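**Q** sequence unknown, structure follows:
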């Protein structure tokens, strides 16, 4: 099983996930949303608490999605371990469910074979990723 943040190519947050899906030309990120969401992460880039606002939850889920390597299959236990390395509040089940509900991962009915679904992320993800990288470097 790959480590959290493992990459199959160079990228600011552990792979090509963000860089491979650039924002649409002219698409501008909501900077206020990104700055509020940035406060939910520690100096190591781990999510420290689950936000109350759905818009922030979705951006956090996109960030987690971006760290899941493309084409890698995980059992429920493996994806939970992977997600546990990316957050500190100890609720991988919530994160698994929400990633699935948002259409960012697929799974078999029995909870096996979790895989990332390739989608175009929101413009805010690129900005959040860059700010988190700076935050980690400053820590």
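**A** Structure's in. What do you need? None of these values were measured; they are calculated from a predicted model.
**Q** Model confidence for residue 110, exactly?
**A** Residue 110 carries a pLDDT value of 89.
**Q** Could you do residue 52 as well?
**A** On the pLDDT scale, residue 52 is placed at 97.
**Q** Just to be sure, it is in a helix?
**A** No. Looking at residue 52 with DSSP: H, G, I helix; E, B strand; the rest coil, it is coil, so not inside a helix.
**Q** how about it, what does it touch?
**A** Not one residue lies near residue 52 by CB atoms under 8 Å, 6 or more residues apart in numbering. In this view, the C-beta of every residue, glycine as well, is placed from N, C-alpha and C.
**Q** May I see the buried residues of stretch 100-108?
**A** 100, 104-105, 107 (16 or more other CB atoms under 10 Å).
**Q** ignore the last one, stretch 69-81
**A** 69, 72, 74, 76, 79-80.
**Q** And for stretch 62-69?
**A** Within stretch 62-69, the residues that count as buried by 16+ other CB under 10 Å are 62-69.
**Q** coming back round to it: among the buried residues of stretch 100-108, which two are most distant?
**A** Farthest apart among the buried residues of stretch 100-108 by CB to CB are 104 and 107. That separation is 11.0 Å.
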